[in-house]
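S.K.: heads up, no residue letters with this:
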């Protein structure tokens, strides 16, 4: 009962399809309360931290590690909205997608990262 946060996702782009830049952020740690930490490696002392302002359920890097899809929900006064937000590998939001349905539980990219 300490008020801690839960890690809901840990995603590491392994570089198998190359990197956009040599020293890029490729490790993502996501907390259920919407906070994300991006790191260059497991020993990174200067991570990027940001708030997605939603309850996260899953994160996935695209095929080349340039985009991170973050799936979850946002609660408004009258309803809960399912969203997938897309961030570049420096933590800047690029786009968001509203997803119909009652509950979003996962996200996945197709092979070439043209679709989620």
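M.R.: That came through, no problem. Quantities reported herein were computed from a predicted structural model and do not represent experimental measurements.

S.K.: Which parts of the chain are strands?
M.R.: Under the criterion DSSP state E, the chain contains strands at 7-12, 27-31, 35-39, 48-51, 55-61, 67-75, 80-88, 93-99.

S.K.: Adding mean pLDDT and distance to residue 113, write the ones you listed out as JSON lines.
M.R.: The way it works is simple: take the backbone N, C-alpha and C, and place the C-beta from them, glycine included. Below are the strands of the chain laid out as JSON lines (pLDDT from 0 to 100; distance: least, C-beta to C-beta, whole Å):
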{"stretch": "strand 7-12", "mean pLDDT": "95", "distance to residue 113": "14"}
{"stretch": "strand 27-31", "mean pLDDT": "96", "distance to residue 113": "16"}
{"stretch": "strand 35-39", "mean pLDDT": "97", "distance to residue 113": "18"}
{"stretch": "strand 48-51", "mean pLDDT": "97", "distance to residue 113": "21"}
{"stretch": "strand 55-61", "mean pLDDT": "96", "distance to residue 113": "9"}
{"stretch": "strand 67-75", "mean pLDDT": "95", "distance to residue 113": "7"}
{"stretch": "strand 80-88", "mean pLDDT": "96", "distance to residue 113": "11"}
{"stretch": "strand 93-99", "mean pLDDT": "96", "distance to residue 113": "13"}
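
S.K.: Now tabulate the ones you listed in CSV and tack on mean neighbour count.
M.R.: Output for these, formatted as CSV (neighbours: other C-beta atoms under 10 Å):
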stretch, mean neighbour count
strand 7-12, 15
strand 27-31, 21
strand 35-39, 19
strand 48-51, 13
strand 55-61, 20
strand 67-75, 20
strand 80-88, 18
strand 93-99, 13
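
S.K.: mind checking which of these is nearest residue 111?
M.R.: Across the strands of the chain, residue 111 has its closest neighbour in strand 55-61 (12.7 Å, C-beta to C-beta).

S.K.: ok now the closest one, how far from the chain's centre?
M.R.: 5 Å (C-alpha atoms, centre = their mean, to the nearest Å).

S.K.: who touches it?
M.R.: By C-beta atoms under 8 Å, 6 or more residues apart in numbering, the list of residues contacting strand 55-61 from outside reads 8-9, 11-13, 26, 28, 30-34, 36, 67-75, 104-109.
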